[in-house]
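S.K.: Got a predicted model here, sequence first, then my questions.
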Amino acid sequence: YGRDVQDVGDTTIPADVQEKIIRFVKAGLAVAQMNGKSYLSIGYSSMGIAGSMVDADFFQDYLGIRTEFVDSTEILRRIDEEIYDKDEYEKALAWTKKNCKEGADRNKPEKQVDQSRKDAEWETVVKMTLICRDMMIGNERVIAKGFREEGLGRNAIMGGFQGQRQWTDYQPNADYTEAILNSSFDWNGIRQAFVLATENDSLNAVPMLFGHLLSNTAQIFSDVRTYWSPDAVKRVTGKTLRGLSENGIIHLINSGSTTLDATAQQRDAEGKPAMKPFWEITEEEAQKCLDNTLWPQADREYFRGGGFSSQFNTEGEMPVTMSRINLVKGLGPVLQIAEGWTVELEEGIHEVLTERTNPTWPTTWFVPRVNGKGAFKDVYSVMANWGANHGAISYGHIGADLITLASMLRIPVCMHNVSDDDVFRPSAWASFGEDKEGSDYRACANYGSLYGIK
């Protein structure tokens, strides 16, 4: 029901009802799109990260998604036996040479390699990109070459690449592969972004997929790396944070695999920086994203096999939502949500702060919306309450949509800064108590996972 009674002949839909219908339908479509698909785990556990220990029961019971596990040596096999479309590879390599400009090599002189080695690494990472995509969704041209099983793909709606340490001590890292697949464009033009998680962090891939299905935009995968307080910034830079940043900032950074859409070179209807659905992106905007990205040689002390990391700084202020799934033994999955904005720091601050971590990686400065209470008491509290060192960042304030989707999947929300007035869950949740967070936990526990056997 809407708030106001309507006459019997009034066929208009009130604004408050419209909002709920759209929120319900968007979440319902997301549920439907996930059901029957798969998560492709390329490799397995990375550096002991809990999220990369892919839990098949969680995916099947809560999302209706099966898990497919493929050893990362399958990529080597396909490279060695040329199980990919050679014509597309030549096209992709030429496009990469034209559009992906190498950045400065920040490695120590004794760790640097010559250009012929770098050229070989470029060839490898381009092949990796084709192969990872084919492993996810298949490729008719690979079938036509006589490789039917390889060409069928895994019906994957998302995936993850293990990478460190087993792969990157031996072969070039997958930063290029992940960055290009997670972007809304490649050598074939503008297209829907894939969802491929760094370090096979499946629990970050899931909120990336949620955000992608709800917003239709590419998703940012980032390390939730550092909280910079105003005092700390003043101490190391001599400068004062201002505007949205005045109460501190969170440094979102990743080893070069973040979507290139996050350069924020696309523009909304008002001309402001944005990340748009792929069908709204122009060729000029895609090119600007590429032009504003450099590809420095990977840190060879960290990635011994080399590779290239994307390097950029997210431009301007964009409304964004950071989210994360955590699995708790004895409880199950919980969802964290933090709406906020990207910010651009004044000259002299960004440069100093990035030099204190890895300046060859892409940076997004994030300020969550705080309210002086609990996990959102201040910016530091958001960082301190985050459940892992990874976050999925989606364009727009989609927290309310995420909450509705989570209720359909029976995943309780343990942390969010969405107004209570915007929270839309099934009316049955009201039978589990007036406290919205507590009732969410009780209702999800009572009904159980959407596809699980209770």
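M.R.: Alright, I've got the coordinates.
S.K.: Hmm, His350 and Asn363 touching each other?
M.R.: Small correction: residue 363 is Thr, not Asn. Yes. In this structure, Thr363 is within contact of His350 by C-beta atoms under 8 Å, at 7.2 Å. Bear in mind the C-beta positions are built from the backbone N, C-alpha and C, glycine included.
S.K.: List the buried residues for stretch 345-355?
M.R.: 345, 349-350, 353-354 (16 or more other C-beta atoms under 10 Å).
S.K.: just for the stretch 351-454 of the chain, where's the confidence low?
M.R.: For the stretch 351-454 of the chain, applying pLDDT under 70 flags the ranges 454.
S.K.: Run through the helices of it in chain order.
M.R.: For the stretch 351-454 of the chain, the helices defined by DSSP state H, counting those that start in this stretch cover 379-385, 399-409, 436-447.
S.K.: Quick check: which of those helices is buried the most?
M.R.: Compared across the helices of the stretch 351-454 of the chain, helix 399-409 shows the largest average neighbour count, a mean of 23 (mean count of other C-beta atoms under 10 Å).
S.K.: Report the distance from that helix to the chain centre.
M.R.: 17 Å (C-alpha atoms, centre = their mean, to the nearest Å).
S.K.: ok so, going back, give me the common contacts of Thr363 and His350.
M.R.: Asn313 (C-beta atoms under 8 Å, 6 or more residues apart in numbering).
S.K.: Could you tell me whether Lys26 really is in a helix?
M.R.: Yes. Under DSSP: H, G, I helix; E, B strand; the rest coil, Lys26 sits within a helix.
S.K.: That one: what's it in contact with?
M.R.: Contacts of Lys26 (C-beta under 8 Å, 6+ apart): 214, 401, 404-405.
S.K.: Tell me which two of these sit farthest apart.
M.R.: Using C-beta to C-beta, the two most remote members of the contacts of Lys26 are Leu214 and Thr404, lying 9.1 Å apart.
S.K.: Show me whatever sits in contact with both of these two.
M.R.: Going by C-beta under 8 Å, 6+ apart, residues that sit against Leu214 and also against Thr404 are 26-27.
S.K.: show me where the stretch 51-200 of the chain has strands.
M.R.: 66-70, 101-102, 156-161, 185-186, 189-190, 196-198 (DSSP state E, counting those that start in this stretch).
S.K.: Which ones among the buried residues of stretch 345-355 map onto strands?
M.R.: Taking DSSP state E, every one of the buried residues of stretch 345-355 sits outside strands.
S.K.: Export those residues as TSV, with columns for distance to Tyr302.
M.R.: Below are these laid out as TSV (distance: C-beta to C-beta, whole Å):
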residue	distance to Tyr302
Leu345	25
Ile349	25
His350	22
Leu353	19
Thr354	16
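S.K.: so what's the residue nearest to Glu74 when sequence neighbours are not counted up against?
M.R.: What sits nearest to Glu74 in space, not counting adjacent residues and going by C-beta to C-beta, 6 or more residues apart in numbering, is Met135, at 7.3 Å. Going by C-beta under 8 Å, 6+ apart, Met135 touches 40, 42, 70, 74, 150, 153-154, 156, 159.
S.K.: repeat that with 7 Å
M.R.: 40, 42, 70, 153-154 (C-beta atoms under 7 Å, 6 or more residues apart in numbering).
S.K.: before we move on, back to that, right, so the strands of the stretch 51-200 of the chain: which one is the most enclosed?
M.R.: Mean neighbour counts for those (mean count of other C-beta under 10 Å) peak at strand 196-198, with a mean of 31.
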